[in-house]
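Trainee: can't give you the sequence, but here's the structure:
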């Protein structure tokens with residue numbers, strides 16, 4: 001029997017009220033992502049790609065439509081239930097890292113485990129292992145301001161992976177990095193995918209999108225096309 005997709009969206013819309021005006025950010029999105037896939041969603045600024053990522057990541061709710069995450073309908077859940085799902089099933093990597101400046105790399109990576117009430121010794125072990133996976137075992141006790149941009153993003157990736165999420169969501173993860181460092185982060189994503197991590201990456205950069213197995217294109221709130229880039233992993 002075939003497994004259900006990890007992400008399944010049916011006729012998803014998202015409408016924002018901007019004063020007297022309604023803005024339809026997403027218009028009837030149908031999306032399916034299988035476990036173990038590496039998918040990029042590509043589109044220009046204002047196309048709806050970040051709104052879509054927010055909905056996939058349970059950071060926002062659709063105005064209409066149905067969203068199933070790992071077979072569970074989540075579009076109508078309470079804020080508390082959505083927070084639990086974010087912490088247990090999802091990992092997030094953002095363009096701006098979002099690290100806590102006064103905490104070491106290790107303590108930053110431990111944060112999702114604190115919210116999950118994991119005991120201290122287990123937290124430290126799992127956070128250390130996550131940092132080892134991104135080749136930062138020599139930087140455990142360094143603060144963010146003592147790390148390069150690429151190292152900060154690797155800390156953010158370790159934090160996203162520490163709870164063994166079902167899905168890794170990345171929003172312009174190379175946007176604040178130089179070209180060489182961005183390539184390093186994309187190689188790390190490729191390694192994670194080869195180990196079985198499901199990845200959804202948002203980008204406006206075709207070179208970044210080309211690293212994925214499948215590229216979906218969004219324009220004006222509508223998915224307008226899909227392709228499998230040559231050389232995709």
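Mentor: Sure thing, it's come through. Quick caveat: nothing in here was measured; it's all calculated off a predicted structure.
Trainee: Can you give me the distance of the residue positioned nearest the centre of the chain to residue 64?
Mentor: The centre of the chain sits closest to residue 169, judged by Cα atoms, centre = their mean, with a distance of 1.0 Å. Noted for residue 169: a distance of 22 Å to residue 64, by Cβ to Cβ, to the nearest Å. Bear in mind the C-beta positions are built from the backbone N, C-alpha and C, glycine included.
Trainee: helices and strands of this structure: which one has the lowest mean pLDDT?
Mentor: strand 222-227 (a mean of 82; mean pLDDT, DSSP states H and E).
Trainee: ok so, going back, so the residue nearest to the centre of the chain bridges to which residues?
Mentor: Beta bridges link residue 169 to residue 92, residue 200 when assigned by DSSP bridges.
Trainee: And for residue 16?
Mentor: Residue 16 has the following beta-bridge partners by DSSP bridges: residue 23.
Trainee: okay, now it: neighbour count?
Mentor: Residues near residue 16, counting by other Cβ atoms under 10 Å, number 12.
Trainee: ok, it touching residue 48?
Mentor: No. Here residue 16 does not reach residue 48: they are 11.0 Å apart, not a contact under Cβ atoms under 8 Å.
Trainee: any residues in contact with both of those two?
Mentor: The contact sets of residue 16 and residue 48 overlap at residue 25 (Cβ atoms under 8 Å, 6 or more residues apart in numbering).
Trainee: re the thing from before, mind checking pLDDT for the residue nearest to the centre of the chain?
Mentor: Note on residue 169: pLDDT of 96.
Trainee: swap in residue 197?
Mentor: Note for residue 197: predicted pLDDT of 91.
Trainee: wait, what's in contact with it?
Mentor: Contacts for residue 197 were tallied using Cβ under 8 Å, 6+ apart; they are 36, 161, 168.
Trainee: what does residue 131 give?
Mentor: Residue 131 touches 105, 106, 109, 137, 139, 140, 155, 158, counting by Cβ under 8 Å, 6+ apart.
Trainee: Check which helix or strand it maps to.
Mentor: Assigned by DSSP states H and E, residue 131 belongs to helix 120-133.
Trainee: What of residue 25?
Mentor: Using DSSP H and E, residue 25 sits in strand 21-33.
Trainee: From residue 29, how far off is the residue nearest to residue 27 when sequence neighbours are not counted?
Mentor: Of all residues not flanking residue 27 in the chain, residue 221 sits nearest, at 4.3 Å (Cβ to Cβ, 6 or more residues apart in numbering). Residue 221 is 8 Å from residue 29, where distance means Cβ to Cβ.
Trainee: quick one: the helix ranked longest in the chain to helix 120-133, angle?
Mentor: If you go by DSSP state H, the chain has its longest helix at helix 179-194. Per axes from the mean of the first three to the mean of the last three Cα atoms, to 10 degrees, the angle that helix 179-194 makes with helix 120-133 is 120 degrees.
Trainee: For helix 179-194, buried residues please.
Mentor: For helix 179-194, a neighbour-count test (16 or more other Cβ atoms under 10 Å) marks 181, 182, 183, 184, 185, 186, 188, 189, 190, 192, 193 as buried.
Trainee: Show me what that helix is packed against.
Mentor: Counting contacts by 3 or more Cβ pairs under 8 Å, 6 or more residues apart in numbering; DSSP states H and E, helix 179-194 is packed against strand 38-42, helix 149-161, strand 199-203.
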